[in-house]
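Participant: fold the following, please.
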Amino acid sequence: MNKGTYSRPVSFLICFLVYVVAFAIADGFVFYFEERIDRLWVIFWADVVATVLVFTFSVGFRNSSLYDPYWSVAPPLIAVFWLVTGTISLTGYLMLITILFWSVRLTFNWCRGWRGLSHEDWRYIMLREKNPVLYPLINLTGIHLFPTIMVFLGMLPVYVVTTIDTGVSVHNPLLVIGLFITFASTIIALIADEQMRQFRNQAKKDEYIKTGLWKYSRHPNYFGEISFWFGLWVMQMAVAPQFWWTIIGFISMTLMFLLASIPMMEAKNRKSKTGYDNYMNQVSRLIPWPTKKDF
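Facilitator: Take a look at the predicted model:
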């Protein structure tokens, strides 16, 4: 299929139908296996099934960006299933609310930025050009399955909360702190994305943003994303500190951004943006922090 032959509205319709098919088949998988497999693992394998189906369509349409919205639309569905099939609790519902807020923000941002099937993320194009022989394997494992697994790990605190009987009050300090972190991190990412969008509308090709949140962090949007998953873990710790090991989700997310996403973005910017090396020397890599000096 030629990815350049579809208009933007048609591209969104195709994307929507792809996800309807993928999640419908995943739902059928859950329906068939939920009495045979633990509710944690049935969702994991259903998640993998849906991802592989989206991957199949992305290969057919020759555009791996078809997978991009999966990151934000799958978590609410996972949370709802675990809530419906697990223990009803205030913490679980508060987690769902924060996940929905995060999901709407991120999905909306993707919708505004995706130009349709004629547009593919530059990172996927780069990986295809550098590794033409291995790209099918990289596409399946690195672009599709790896992010799915990262998000699944980040959702483990939700599973824990919906598995145990919790009577925690909304006045629990740790729960309030976790709730604040999730909402604040989503708002930080929202502001950072909006500042970047306004900048791109008037910036020259070789310019980079260094105002707003971007004056204090080179990647405030990533900071907000990582912090969200930390907030979910803190909310879980308010009711089930014995399951502290679920912090593996937050740690995995952090490493993914620090070791993959950020280095790729900065390597690209150093080649294309005049003075970006100076910006890197003056501004915090991730955590918003006062600059060493104005530049």
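Participant: and Y135, how far from I143?
Facilitator: Remark: distance between Y135 and I143 (C-beta to C-beta, to the nearest Å) = 9 Å. All C-beta atoms are positioned from the backbone trio N, CA, C, and that covers glycine.
Participant: where in this structure is pLDDT low?
Facilitator: Scanning the chain for pLDDT under 70 picks out 1-4, 165-170, 292-295.
Participant: center of it, which residue is that?
Facilitator: Centrality entry for the chain: nearest residue to the mean C-alpha point is W71, 4.5 Å, by C-alpha atoms, centre = their mean.
Participant: ok so, going back, quick check: neighbours shared by Y135 and I143?
Facilitator: L127 (C-beta atoms under 8 Å, 6 or more residues apart in numbering).
Participant: which one of those two has more residues nearby?
Facilitator: Ranked by neighbour count (other C-beta atoms under 10 Å), Y135 and I143 place I143 first, with 21 against 17.
Participant: tell me the SS of the more buried one?
Facilitator: helix (DSSP: H, G, I helix; E, B strand; the rest coil).
Participant: ok, now which ones touch S252?
Facilitator: Neighbours of S252 in contact, by C-beta under 8 Å, 6+ apart: M150, L153, G154.
Participant: surely the last one meets I247?
Facilitator: No: because the distance of 10.2 Å does not satisfy C-beta atoms under 8 Å, G154 is recorded as not touching I247.
Participant: tell me which element P263 is part of?
Facilitator: helix 262-272 (DSSP states H and E).
Participant: what residues sit buried inside that helix?
Facilitator: For helix 262-272, the neighbour count (16 or more other C-beta atoms under 10 Å) marks I262, M265, E266 as buried.
Participant: can you redo those residues as a markdown table with distance to L83?
Facilitator: Supplementary listing: the buried residues of helix 262-272 in a markdown table, determined by distance: C-beta to C-beta, whole Å:
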| residue | distance to L83 |
| --- | --- |
| I262 | 33 |
| M265 | 35 |
| E266 | 39 |
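Participant: between the residues you listed, which is nearest I188?
Facilitator: I262 (16.2 Å; C-beta to C-beta).
Participant: got the contact list for the closest one?
Facilitator: Contacts of I262 by C-beta under 8 Å, 6+ apart are R218, H219, Y222, R285, L286.
Participant: the third one: neighbour count?
Facilitator: In terms of burial, Y222 registers 22 neighbours under the definition other C-beta under 10 Å.
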